[in-house]
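**Q** Turn this into a structure:
(2 chains)
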There are 2 protein chains.
Amino acid sequence: MSSGPPFLFDDCTAVRPGPGDGEWNVDLSEQLTIMKDRPNGGYLLAVMGRAAVAALGEEDRHVVGATVSYISPPSTGPATVVTEVRRRGRTASQLRVALVQDEEPKVESLMTLAGLAGGSPDWGDVAPPDMPDEDTCRAAGRDLPSPVTGGAPPMAAVVEQSFDPATLGWARGAPSGEGEIRAWLRFADGRPFDPLGLLFAVDAVPPATFEVAMTGWVPTLSLTAYIRARPAPGPLRLRFRVGTIAAGFADETCEVWDSEDHLVAQSTQLAAIRFP
Amino acid sequence: MSSGPPFLFDDCTAVRPGPGDGEWNVDLSEQLTIMKDRPNGGYLLAVMGRAAVAALGEEDRHVVGATVSYISPPSTGPATVVTEVRRRGRTASQLRVALVQDEEPKVESLMTLAGLAGGSPDWGDVAPPDMPDEDTCRAAGRDLPSPVTGGAPPMAAVVEQSFDPATLGWARGAPSGEGEIRAWLRFADGRPFDPLGLLFAVDAVPPATFEVAMTGWVPTLSLTAYIRARPAPGPLRLRFRVGTIAAGFADETCEVWDSEDHLVAQSTQLAAIRFP
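**A** Next up is the predicted model:
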């Protein structure tokens, strides 16, 4: 996104060279929070991914794999992303990336950077879920306040999440029991999705566990994202599913399709949950 | 495994306090290699997990989540595992773990440690795959040399992999095209599986991509494992599946069930592949 209009997501994820080697100054925006002073996890991943791409400095290399450990929640405001290139390879390069605030590592990540293609995969295309069109989904969610925060999260002004009404039980206080949330996603200001935007997309919707049971917050401990292709222009479709809940932890997987029905990103996460 | 007979896997994964704070001396065994001087990835994960548990030093905390970046392949022989506790929490603790050899980080990991239960999960039990019994699978694989190495890998003497004959196309040079390998797993010396053994199990069988196409080696760049429950005694069943192959990368997921049909471990990995 080096030219064109100043999209909000690019402003919010901007990285500037910091004082030390491999250090990048960032400013975590209130606009991409899930509640006051609590930046969204996918947003943090995108900020760190952008610093990793800048640190590597190789054209056409994107984050294709990233794992983050969420150690303690960062606040909005200034932070530093510390990057260390671990390997520069012909096929892929690897970096260690940490988001530091108040001299404490808040989020740590291991990232793999490589080239990406668009279009069909070479093997194993996964069909997108059957779900109503975006307008139908948008209308279904319009007047439903979140039962967790009592209103839409601040980030809803930046990214439009249009939920499949069949997976909106949580918003009515009546989870479907299916453990799955499906949604359309687009940036409100028309910013197209690119590999960086996909890093944000894989952790941009409410926990899929909300469609199992209304619990308290479900903090992610670890998230792994794979970016598989450059997305075609247009909105994304997401399917976010709970696998198993056991011993206080839930695993959730997210799959993301572009407007041409190709799987473009995947994630899996382990979150702490008070259940049953 | 603090008492009882000296099982080989425990010898091979032994960690001893090293010279520096959080440093552990290990000796990577030739017995858990996939070919000469090339330790198996699940073995490295188990060694690092054992050091993490020792470094945390809290009773009944196991590795429940681990991501590893494979930076360059370590050799057999002495190595150091460097551990840093990042957070000690009531629910979970988090560590950064690196396997260092020749003063270079060869493998880096972020690990989450917590308590584990046994038995049924609280939600979302996943049924094991339908596959022949262990004896039938063991017999099917007995006289099939690996087409990659021309013989069984050294680790086959430590851990018995008994493959579902329907998923042994790769061993005959005729991949099924299904992209799935199913196997029974047990330690040859009768060592029971525990959370540490599960860390090994999630990356203990040949690449599932072998059931798509016979390519060259398929090096894992990043692997994420979740350990979900203490396994019941007896052999494990594994289902290892390719998701999508695109732009030179494949994602593969592994699910592991214990003898009581409960899902006890999961993994996902991103590997580089020359395909098509």
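
**Q** from memory A:Asp258 sits against A:Ala232, does it?
**A** Yes - assessed by C-beta atoms under 8 Å, A:Asp258 is found in contact with A:Ala232 at 4.5 Å. Quick note: C-beta positions are derived from backbone N, CA and C, even for glycine.

**Q** what about the two, which has more around it?
**A** Each of A:Asp258 and A:Ala232 has its neighbours counted (other C-beta atoms under 10 Å in any protein chain shown); A:Asp258 has more, 23 against 17.

**Q** residues in contact with the nearest residue to the more buried one once chain neighbours are set aside?
**A** In space, and not counting its chain neighbours, A:Asp258 is closest to A:Pro231: 3.9 Å by C-beta to C-beta, 6 or more residues apart in numbering or on different chains. Counting by C-beta atoms under 8 Å, 6 or more residues apart in numbering or on different chains, A:Pro231 makes contact with A:Gly118, A:Pro192, A:Phe193, A:Asp194, A:Gly197, A:Leu198, A:Asp258, A:Ser259, A:His262, A:Val264.

**Q** and these, which of them are in helices?
**A** Among the contacts of A:Pro231, the members found in helices (DSSP state H) are A:Gly197, A:Leu198.

**Q** Pull out the buried residues from the contacts of A:Pro231.
**A** Neighbour counting by 16 or more other C-beta atoms under 10 Å in any protein chain shown classes A:Phe193, A:Asp194, A:Gly197, A:Leu198, A:Asp258, A:Ser259, A:His262, A:Val264 among those as buried.

**Q** excluding its backbone neighbours, what's nearest the first one?
**A** This points to A:Phe193. Closest residue to A:Phe193 apart from its sequence neighbours, by C-beta to C-beta, 6+ apart: A:Pro231 at 4.7 Å.

**Q** how about the strands in the stretch 1-150 of chain A?
**A** A:16-17, A:23-28, A:33-35, A:38-39, A:62-70, A:77-87, A:93-101, A:104-114 (DSSP state E, counting those that start in this stretch).

**Q** I figured A:Ala250 hits A:Ser222, correct?
**A** No - the pair A:Ala250 / A:Ser222 is not scored as a contact, 12.0 Å apart, by C-beta under 8 Å.

**Q** out of these two, which sits in the busier spot?
**A** Just comparing A:Ala250 and A:Ser222: by other C-beta under 10 Å the higher neighbour count belongs to A:Ala250, 28 against 25.

**Q** Looking at the host helix or strand of the more buried one now, give me its mean pLDDT.
**A** Using DSSP states H and E, A:Ala250 sits in strand A:249-257. Averaged across strand A:249-257, the pLDDT comes to 98.

**Q** same deal with stretch A:183-196?
**A** For stretch A:183-196, the mean per-residue pLDDT is 97.

**Q** What residues sit buried inside it?
**A** By neighbour count on 16+ other C-beta under 10 Å, the buried set for stretch A:183-196 is A:Ala183, A:Trp184, A:Leu185, A:Arg186, A:Phe187, A:Arg191, A:Phe193, A:Asp194, A:Pro195, A:Leu196.

**Q** for stretch A:54-68, same thing?
**A** For stretch A:54-68, using 16+ other C-beta under 10 Å, the buried residues are A:Ala55, A:Leu56, A:Arg61, A:His62, A:Val63, A:Val64, A:Gly65, A:Ala66, A:Thr67, A:Val68.

**Q** just stretch A:11-29 next, same as before
**A** Across stretch A:11-29, burial judged by 16+ other C-beta under 10 Å covers A:Cys12, A:Thr13, A:Val15, A:Gly18, A:Gly22, A:Glu23, A:Trp24, A:Val26, A:Leu28, A:Ser29.

**Q** now do the same end-to-end measure for that stretch.
**A** Stretch A:11-29 has an end-to-end distance of 9 Å (criterion: C-alpha to C-alpha, to the nearest Å).

**Q** distance between it and the chain's centre?
**A** 19 Å (C-alpha atoms, centre = their mean, to the nearest Å).

**Q** same thing with stretch A:120-137?
**A** Remark: stretch A:120-137 is offset 18 Å from the chain centroid, using C-alpha atoms, centre = their mean.

**Q** For it, what does the pLDDT average out to?
**A** Rounded mean pLDDT across stretch A:120-137 is 95.

**Q** follow-up on the earlier one: of the buried residues of stretch A:54-68, list those near chain B.
**A** Contacts with chain B within these, counted by C-beta under 8 Å from any C-beta of the partner chain: A:Val64, A:Gly65, A:Thr67, A:Val68.

**Q** Which residues of the stretch 1-150 of chain A lie near chain B?
**A** So the stretch 1-150 of chain A meets chain B at A:64-65, A:67-69, A:71-72, A:86-87, A:91-92, A:94, A:96, A:105, A:108-110, A:112, A:114-117, A:121-126 (C-beta under 8 Å from any C-beta).

**Q** Among those residues, name the buried ones.
**A** For those, a burial check counting by 16+ other C-beta under 10 Å picks out A:64-65, A:67-69, A:71, A:86-87, A:92, A:94, A:96, A:105, A:108-110, A:112, A:114-116, A:121-124, A:126.
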